[in-house]
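>>> need a structure here:
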Amino acid sequence: MFGTAWAADPASDAAHHGPFYVEPEFWVAIAFVIFVALMIWKARKVFTDMLDQRAETIRRQIDEAEKLRREAQDMLADYQRRQSEAYKEAEGIIAQARAEAERMKVKAHAELETAIKLRERQALDRIAHAEAQAAADVRNAAVEAAIGATQTLLRERLAAGQGGELVDQAIAELPRRLH
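A predicted model of the protein is given here:
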């Protein structure tokens with residue numbers, strides 16, 4: 001109400017209104033504008049410093065993330081290279097093992113063949129030896145049988161008195177048998 005009454009009173013309007021710079025509202029408005037400008041000026045520095053710090057922190061985090069990403073890529077590349085080398089080495093080992101197994105198989109086969117031939121030769125030698133022994137045994141038995149028969153025959157004939165004739169006959173045949 002007070003504000004409306006004052007605005008409605010034209011006499012008080014002319015008496016109180018002079019140049020605008022004399023009015024206290026003007027100076028309060030000027031002081032307010034200066035205060036706000038100073039606050040903005042001071043706060044701007046604080047805000048810009050905070051924003052700069054935040055931007056620097058974000059920039060460092062981005063740089064760190066980029067560095068970590070590069071390290072991770074390097075590690076991945078290194079791991080992939082090592083994995084590739086390990087696969088190649090494993091393939092080489094497998095190929096070498098297969099070749100060694102094939103060599104061992106061939107060698108074992110050759111050794112088996114040699115052992116079989118050796119055993120066969122030994123068996124044949126044993127058979128030949130057994131045959132020779134059997135032949136010798138048969139000869140010895142035949143000789144013993146012949147000697148036994150001859151002894152028996154000689155005893156019978158000598159007993160009958162034909163001993164002298166046999167000795168004379170053996171002496172006569174002796175030159176023919178020696179030549």
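>>> CA only for contacts and neighbour counts going forward, please
Fine.
>>> and stretch 98-109, average pLDDT?
Stretch 98-109 carries an average pLDDT of 93.
>>> how about residues contacting it?
Around stretch 98-109, nothing counts as a contact under C-alpha atoms under 8 Å, 6 or more residues apart in numbering.
>>> how far does that stretch sit from its chain's centre?
What separates the centre of stretch 98-109 from the centre of its chain is 22 Å, taken as C-alpha atoms, centre = their mean, to the nearest Å.
>>> report pLDDT for Ala134.
So, for Ala134, pLDDT stands at 90.
>>> count residues in the vicinity of it, would you?
12 (other C-alpha atoms under 10 Å).
>>> tell me, how many residues neighbour Ile40?
For Ile40, the count of nearby residues is 13 (other C-alpha under 10 Å).
>>> break down the chain into its helices, ranges please.
With helices called from DSSP state H, the chain shows them at 2-8, 10-16, 24-160, 163-178.
>>> could you pull up the mean pLDDT of the second one?
What it means is helix 10-16. Helix 10-16 carries an average pLDDT of 51.
>>> show me the shaky parts of this structure.
Applying pLDDT under 70 to the chain picks out residues 1-17, 154-155, 157-164, 166, 174, 177-179.
>>> one more time with 50, if that's ok
Along the chain, segments meeting pLDDT under 50 span 1-7, 14.
>>> tell me which residue is most central in it.
Centroid-nearest residue in the chain, with C-alpha atoms, centre = their mean: Ala90, separated by 4.9 Å.
>>> contacting residues for Val28?
Per C-alpha under 8 Å, 6+ apart, neighbours of Val28: none.
>>> returning to what we had before: and the residue nearest to the centre of the chain, how far from Ser84?
According to C-alpha to C-alpha, to the nearest Å, Ala90 and Ser84 sit 10 Å apart.
>>> same thing with Gly148?
Per C-alpha to C-alpha, Gly148 is found 92 Å from Ser84.
>>> equivalent analysis for Ile116, please.
47 Å.
>>> and for Gln53?
Gln53 is 45 Å from Ser84, by C-alpha to C-alpha.
>>> next: Gln73.
16 Å.
>>> Met50 too?
To Ser84, Met50 is 50 Å away according to C-alpha to C-alpha.
>>> try Asp74
The gap separating Asp74 from Ser84 is 15 Å, by C-alpha to C-alpha.
>>> kindly report the same for Trp41.
Distance from Trp41 to Ser84, counting by C-alpha to C-alpha: 63 Å.
>>> repeat for Asp49
According to C-alpha to C-alpha, Asp49 stands 51 Å off from Ser84.
>>> could you report the neighbour count for Ala128?
Neighbourhood size, Ala128 [other C-alpha under 10 Å]: 12.
>>> again with the one 10 residues further on
Other residues near Val138 come to 12 when the count uses other C-alpha under 10 Å.
>>> likewise Ala29?
Ala29 sits with 11 neighbouring residues when counted by other C-alpha under 10 Å.
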